[in-house]
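task: produce atomic coordinates for the following.
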Amino acid sequence: MILLKFAREWIGTIAIAFVLSMVIGIFVIQPYKVEGHSMDPTLRDGQRLFVSKLSHTFSYYPKYGDIVIIDSRVDRNRTFFDDVKDNPIFQLFHNTTEHVFYVKRVVGKPGDVLELRNHEVYRNGEKLDEPYVKEAMESSAQENWTVPEGHIFVMGDNRNHSEDSRAIGFIPLDHVLGKKVM
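This next block holds a predicted model:
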C-alpha cells in the first residue's frame, strides 16, 4: 500500500514536470544547437544557445540585427502542432534528421527595400554597418527586394556560405521561432 502511494506520487510529479517543461519550451525559452557555418564568426558550428520564444508566442517583430531561429519551410503554414513537435522534450521521442531550422540575423522588416550592390547590403538606400559579417559578399549582381507585410528578411553573417532569404525568400512572422538570448 505504501509502495503504491509512493509510486503514484512520483508518477504525478514526473507528469507535472513533463507538462511544465513542454509549456516552457513551447512558449518561453528553448535550447538550440547551431548547425553549420552560416553565422561564422558570430556563432560556431555546434555552439549551444538559448532562444526566447516570447516573440513567437506573442507575434511581434524582432529588431534589426537580432539573431533569430527560423523555420525555413516558408512554403507551408505552421501550426500549433509544429510548435509542440519542435519542442526538445518531444524530440526525445521523435528523432528526425530533417534540417529545417536556421539561425540567421534580421536585416529587413515589412516595407524595407533591401539592395545588394558593390558587395554590400543597403536598407532603404543606406548602407548597413555590419561589423559582424565574416567577409565581403562575392556576389557582384545587383539585387533588391521589398519586404512584404507579415514577413522579415534574414541573412547569415557568413554571407558567402549562407542559405537565407536571398535563396528561400521572405520569412513569415509565424516562422520566426524565437530570438537568441544567450
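
just after the single longest strand found in the chain, pick out the following helix or strand.
Ranked by number of residues, the top strand in the chain under DSSP state E is strand 101-108. Next helix or strand after strand 101-108 toward the C-terminus (DSSP states H and E): strand 113-117.

I'd like the next helix or strand past that next one.
strand 120-123.

so what's the gap between that following strand and the chain middle?
22 Å (CA atoms, centre = their mean, to the nearest Å).

name the residues that touch it?
Under the criterion CB atoms under 8 Å, 6 or more residues apart in numbering, residues 64, 107-108, 112-116, 127-128, 130, 136-137, 155 lie in contact with strand 120-123. No exception for glycine: its C-beta is placed from N, CA and C like everyone else's.

recalculate using a threshold of 6 Å.
112, 114, 115, 127, 128 (CB atoms under 6 Å, 6 or more residues apart in numbering).

centre of the chain versus the longest strand of the chain, how much separation?
6 Å.

for it, name the packing helices and strands.
Under the contact definition 3 or more CB pairs under 6 Å, 6 or more residues apart in numbering; DSSP states H and E, strand 101-108 sits against strand 67-71, strand 151-155.

could you dump the ones you listed to a markdown table with mean neighbour count, mean pLDDT and distance to residue 59?
As requested, these are exported to a markdown table (neighbours: other CB atoms under 10 Å; pLDDT from 0 to 100; distance: least, CB to CB, whole Å):
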| stretch | mean neighbour count | mean pLDDT | distance to residue 59 |
| --- | --- | --- | --- |
| strand 67-71 | 23 | 93 | 14 |
| strand 151-155 | 24 | 96 | 12 |
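
which one of these lies nearest to residue 6?
Among the helices and strands packed on strand 101-108, the nearest to residue 6 by CB to CB is strand 67-71 (40.9 Å).

which SSE is immediately downstream of the closest one?
Next along the chain after strand 67-71, taking DSSP H and E as the criterion, comes helix 80-85.

so which residues of this structure form helices?
2-27, 54-57, 80-85, 88-91, 165-168 (DSSP state H).

related to what we said a few turns ago, with distance to residue 103 as added columns, please give the helices and strands packed on strand 101-108 in CSV.
As requested, these are arranged in CSV below (distance: least, CB to CB, whole Å):
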stretch, distance to residue 103
strand 67-71, 6
strand 151-155, 9
